[in-house]
Every structure is written in C-alpha cells, then in structure tokens.
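1. with the input below, show me the fold.
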Amino acid sequence: MAAAASVQCSNSKLIVWALVLVILSVMSMLVGVVKDAYWPMAVCASMSVLLFLLLFVVVFTKTARAEGGTVNDMEIEKECHCVWAGCKFGELDTSTPAGLVFNLVSVKTDLSDVENTSNVTWTALTTVNRTLSGSISYQKACACCLEDFDADTDVAVLPCGHVSHEKCIARWVLRSAKEASCPSCRAPFDHVAETILAI
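-> Below you'll find the predicted structure:
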C-alpha cells in the first residue's frame, strides 16, 4: 500500500511537470508564430516529443516497479513444518514419555518484521507417530530466551527431549537457515518422510 501511494504521488508530480512542459512548448510556438520564426517551433516540437517520451518511460518504469513490489509483498510470508509436543510446563512432572502427543506443526511469519513476536504463528496440523529419542530434559529455563519457565507456560517438548517456550521455538525454526534443529543439542525436529507417511 505504501509503495502504491508513493508511486501515485510521483506520478502526480510527473503530470504537473508534463503540463508545465506543454505550457512552455505552446508559449514558445506562439512566440515563433508571432515573430515568423519557424525554426524555434521545430525545436520546441522536437523537444516536446522527446520530453513526453522520457516522461512515459519514467512513469512506465515506476508503475512496473510498484506492481513488482506488490507481488513481493505477497511473497514475504515464510512457512516451516516441524514436530513437537505442546503442553504446559507444570504438566511435565506428571507426563510420561508415552503420554506426550507429538504434532506436525505449521509455523508461519511475515518476513517484513521477523523480530515481531506477534507476527509468528503456529498451528498443530495433525498428530504424528513420533516418540522421544531420550528422556525429557527438566531444565528450568528456556534455551532460546534463557527465561525461567512458569507452571502455566506453554512449552514445546522436542523429540530429543529438550524443552523450550512454544513462541521461542517457533521463532527459532523460522530463523534457521536449513532444517529445524534443537537449540540445545542440534538434533533435527523438522518433519521427515516417515512423519508424512504417518499422517
């Protein structure tokens, strides 16, 4: 929207300049007619044609860039799929590894402002047949933000057993250059072929 408004403003300025050029050309031609000098008229006509062509090229280029920017704005959303078990931190004491339900999670964000936590969303798409590869790590702080967990904090238990805030691990996934990996042990927790087959 901002890009389109900027282009409209620029186009209105170009229209004003075009009108100024038209007025100057007409005045020059009138002077040529009054003084019976036809070469100024030819020069003015040639200059007017060249300037109008230049204005057309500038307007066309700016409009094309604006349309390209609009397409890019539609493509600045990033989406990743990974696997974790969501629960409250206080429930981990009573949860057994068999009681954890792992989900295929879709994590999305608007890349125009990846630092904004509110732009990161995650949705559990379906349960998957995954189990813990080790025991649950009962650390008191999130490995991503280093803040202590509260009993009612929403956490993500990764297949490796490490625990993080759900919002932190969602942001971590989107910042990862390649596969999603645990911030503590680097074990991957993105979806794999076996996970897709289990859906």
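
2. model confidence over the helix or strand hosting Ser164, on average?
-> Ser164 is located in strand 163-165, with elements delineated by DSSP states H and E. For strand 163-165, mean pLDDT rounds to 91.

3. and it, what other elements does it pack with?
-> Judged by 3 or more Cβ pairs under 8 Å, 6 or more residues apart in numbering; DSSP states H and E, strand 163-165 is in contact with strand 154-157. Placement of C-beta: from N, CA and C, glycine included.

4. buried ones in the strand it packs on?
-> Val155, Ala156, Val157 (16 or more other Cβ atoms under 10 Å).

5. tell me the one of these nearest Leu50?
-> The closest of these to Leu50 turns out to be Ala156 (Cβ to Cβ; 63.9 Å).

6. beta partners of the closest residue to that closest one other than its chain neighbours?
-> Excluding the flanking residues, the one nearest Ala156 by Cβ to Cβ, 6 or more residues apart in numbering is Trp84, at 4.0 Å. Here Trp84 sits in beta bridges with Asn103, as judged by DSSP bridges.

7. separation between Trp84 and Ile169?
-> 7 Å (Cβ to Cβ, to the nearest Å).

8. what does Leu54 give?
-> 54 Å.

9. so between those two, which is more surrounded?
-> More crowded of Leu54 and Ile169, by other Cβ atoms under 10 Å: Ile169, with 29 against 12.

10. how about that one, nearest residue that isn't a chain neighbour?
-> Ala156 (4.6 Å).

11. that neighbour against Val163, yeah?
-> Yes: assessed by Cβ atoms under 8 Å, Ala156 is found in contact with Val163 at 7.1 Å.

12. what does the helix or strand that the strand holding Ser164 is followed by rub up against?
-> Following strand 163-165 in sequence order, the next helix or strand is helix 166-175 (DSSP H and E). Helix 166-175 has contacts (Cβ atoms under 8 Å, 6 or more residues apart in numbering) with 78, 80, 82, 84, 86, 105, 107, 109, 114, 117, 120-122, 142, 144-145, 154-156, 158, 164, 180, 183, 190.

13. just the C-alphas of helix 166-175, formatted as PDB.
-> The C-alpha trace of helix 166-175 is given here as PDB (Å, rounded to 0.1, in the frame of the first residue of the first chain):
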ATOM      1  CA  GLU A 166       6.500 -22.600  22.100                       C
ATOM      2  CA  LYS A 167       6.800 -19.000  20.900                       C
ATOM      3  CA  CYS A 168      10.600 -19.100  21.200                       C
ATOM      4  CA  ILE A 169      11.000 -22.400  19.300                       C
ATOM      5  CA  ALA A 170       8.600 -21.100  16.600                       C
ATOM      6  CA  ARG A 171      10.800 -18.100  16.100                       C
ATOM      7  CA  TRP A 172      13.900 -20.300  16.300                       C
ATOM      8  CA  VAL A 173      12.600 -22.500  13.500                       C
ATOM      9  CA  LEU A 174      12.000 -19.600  11.200                       C
ATOM     10  CA  ARG A 175      15.400 -18.200  11.800                       C
END
